[in-house]
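A.B. asks: build the 3D model from these lines:
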Amino acid sequence: MLLKSFPPMGIYETLFKFADATHKYMGDPGTHPWAQGFPLTTQLPGGPPLPTSVDITSEDLMYPKADGQPPLRQAIADYYNHFYDAGITADNVAVFAGGRPALFAILAFLLPDTTVALEATEYTPYWDVLRLLEKPYALIPSHADNRFRPTEADYDVSPLDGTSRVMLLKSNPCNPTGIETKGDALKRLVDQYCEPGRGALIDEAYEFFGDPEPESALRYIDDIDATDIFVVGAATKGLQVPGMRVGWCVAAKPYIELFRNYSSLGMGGVSRASQLYVTKLLEIERVTQARKAVCSFFSSQRERYREGLSSLGLELFTGHGGFYHWARLPDGDTGNALNERLFEHDAGILPGRLCDMSRGPDGGPSVLDRMIRFSFGPLTAESYESDIEILRQVL
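C.D. replies: Predicted coordinates:
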């Protein structure tokens, strides 16, 4: 082989195992996609309908602009200015083919003398990307003993030997735990990482799923052009269109120029048709309705499954954001073993070990072996009884 081997990211590892065991794709009709990180892609109660078409002209068949089409970049800026008084312009926005390419690009261009600081329990691709890019990183305590809730002092990370600066990498609300940093605590965290020699990459994929309302770090940044803060969002979750593959990064203008240059060689821009579609989703009146509907529906689902999973003997550590439950299995059971039984019912969860940023590359034991991430994102309200019954049988 001319290329070095690299395994699939943790979520896809689970999807591929499911496909091998069932000869089905998790998410197909009749399956129970509790490992999947996508929301319902149908209209929610009280929510706006999802457009069924976009008008395309011959101009829209041309190459897209490397940093995103101006109408979408302006719509993203207008969104953050309207809801968070962010004080940004379209020149602070770069468009990517989903959230993960934005995360990858930011981490790939980090100066080599930078320590990445992240919680020990985090979004699975962070582990893969840091390993692939060989970035030095320091772990912030996030485990069962502190209920996966680091203190403010825990975020005061010093550079590792051989480095001189620190970049915080954080999903907020956290995937997989659903724990949010918001309000004054988020402001203090932003202020801390606006200091010289510090920066932060805040992954806000689950912004809409906060309870009682969405929150963004951009509310607490006075002048993003004077910071090394990067806020990443996407249409994937809150706007309910994962298949459109549209994400974005809000950052200082020189960084947006860097991402434009990167796109010119590494991405070639993002589908203009997808950008047209997402621009429609961000119309202020529509997105106001969508934010309320997403928050209301998924908050009710979170509480419903909180009660059901607890009744089955799972110990829950879940926060009030996202569309996952973060749970510990009874003694002797592991996420991998549970999946072997669930696959027989065309169901599957994400084993918690795949969210362990301290695990080794050899698949050995993890401190999160007994943890699972249960996704209620793609589940209709009508599936609850059958979901709980399957879990009751395998547990």
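
A.B. asks: which parts of this protein are strands?
C.D. replies: Counting by DSSP state E, the segments of the chain that form strands are 32-33, 93-96, 114-119, 137-140, 165-171, 198-203, 229-234, 247-250, 315-316, 324-328, 347-348, 350-351, 371-375.

A.B. asks: mind putting these in a markdown table, mean pLDDT and mean neighbour count included?
C.D. replies: Any C-beta I mention is one placed from the backbone N, CA and C, and that applies to glycine too. Formatted as a markdown table, these follow (pLDDT from 0 to 100; neighbours: other C-beta atoms under 10 Å):
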| stretch | mean pLDDT | mean neighbour count |
| --- | --- | --- |
| strand 32-33 | 97 | 21 |
| strand 93-96 | 98 | 27 |
| strand 114-119 | 98 | 23 |
| strand 137-140 | 98 | 18 |
| strand 165-171 | 98 | 23 |
| strand 198-203 | 98 | 24 |
| strand 229-234 | 98 | 26 |
| strand 247-250 | 98 | 26 |
| strand 315-316 | 98 | 15 |
| strand 324-328 | 98 | 25 |
| strand 347-348 | 98 | 25 |
| strand 350-351 | 98 | 28 |
| strand 371-375 | 98 | 27 |
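
A.B. asks: of those strands, which is nearest residue 83?
C.D. replies: Using C-beta to C-beta as the measure, strand 229-234 is the one of these that comes nearest residue 83, at 11.6 Å.

A.B. asks: check contacts around residue 387.
C.D. replies: Applying C-beta atoms under 8 Å, 6 or more residues apart in numbering to residue 387 gives the contacts 32, 34, 305, 308, 379.

A.B. asks: roughly how far does the last one sit from residue 10?
C.D. replies: Going back to what we said before, that points to residue 379. To residue 10, residue 379 is 21 Å away according to C-beta to C-beta, to the nearest Å.

A.B. asks: likewise residue 290?
C.D. replies: Counting by C-beta to C-beta - residue 290 and residue 10 are separated by 29 Å.

A.B. asks: do residue 374 as well
C.D. replies: Distance from residue 374 to residue 10, by C-beta to C-beta: 15 Å.

A.B. asks: now residue 41
C.D. replies: Taken as C-beta to C-beta, the span from residue 41 to residue 10 is 23 Å.

A.B. asks: between those two, who's got more neighbours?
C.D. replies: Set residue 41 next to residue 10 and count neighbours by other C-beta atoms under 10 Å: residue 10 wins out with 22 against 11.

A.B. asks: residue contacts, that one?
C.D. replies: 124, 125, 127, 128, 350, 354, 355.

A.B. asks: widest-spaced pair of those residues?
C.D. replies: Greatest spatial distance among the contacts of residue 10 (C-beta to C-beta): 128 and 350, at 14.2 Å.

A.B. asks: which residues touch the residue nearest the centre of the chain?
C.D. replies: Nearest residue to the geometric centre of the chain (C-alpha atoms, centre = their mean): residue 205, 4.2 Å. Applying C-beta under 8 Å, 6+ apart, we find residue 205 in contact with 99, 171, 175, 232, 233, 234, 236, 237.

A.B. asks: pretty sure residue 165 is touching residue 112, no?
C.D. replies: No. Look at residue 165 against residue 112 with C-beta atoms under 8 Å: they stay out of range, at 10.5 Å.

A.B. asks: all helices for the stretch 1-150 of the chain, in order.
C.D. replies: 10-22, 70-84, 99-108, 124-133 (DSSP state H, counting those that start in this stretch).

A.B. asks: and the first one with strand 371-375, angle?
C.D. replies: Going back to what we said before, that points to helix 10-22. 80 degrees (axes from the mean of the first three to the mean of the last three C-alpha atoms, to 10 degrees).

A.B. asks: which parts of helix 10-22 are buried?
C.D. replies: Of all the residues in helix 10-22, those buried under the rule 16 or more other C-beta atoms under 10 Å are 10, 11, 13, 14, 15, 17, 18, 22.

A.B. asks: just the CA atoms of it, as CSV, please.
C.D. replies: C-alpha atoms of helix 10-22 as CSV (Å, rounded to 0.1, in the frame of the first residue of the first chain):
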residue,chain,number,x,y,z
GLY,A,10,-15.7,5.9,16.5
ILE,A,11,-19.3,6.5,15.4
TYR,A,12,-18.6,5.0,12.0
GLU,A,13,-16.8,2.1,13.7
THR,A,14,-20.1,1.3,15.4
LEU,A,15,-22.2,1.8,12.2
PHE,A,16,-19.9,-0.6,10.2
LYS,A,17,-20.1,-3.2,13.0
PHE,A,18,-23.9,-2.9,12.9
ALA,A,19,-23.9,-3.3,9.1
ASP,A,20,-21.7,-6.4,9.3
ALA,A,21,-24.0,-8.0,11.9
THR,A,22,-27.4,-7.1,10.4
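
A.B. asks: now do that helix: distance to the chain's middle.
C.D. replies: Per C-alpha atoms, centre = their mean, to the nearest Å, the displacement of helix 10-22 from the mean C-alpha position of its chain is 20 Å.
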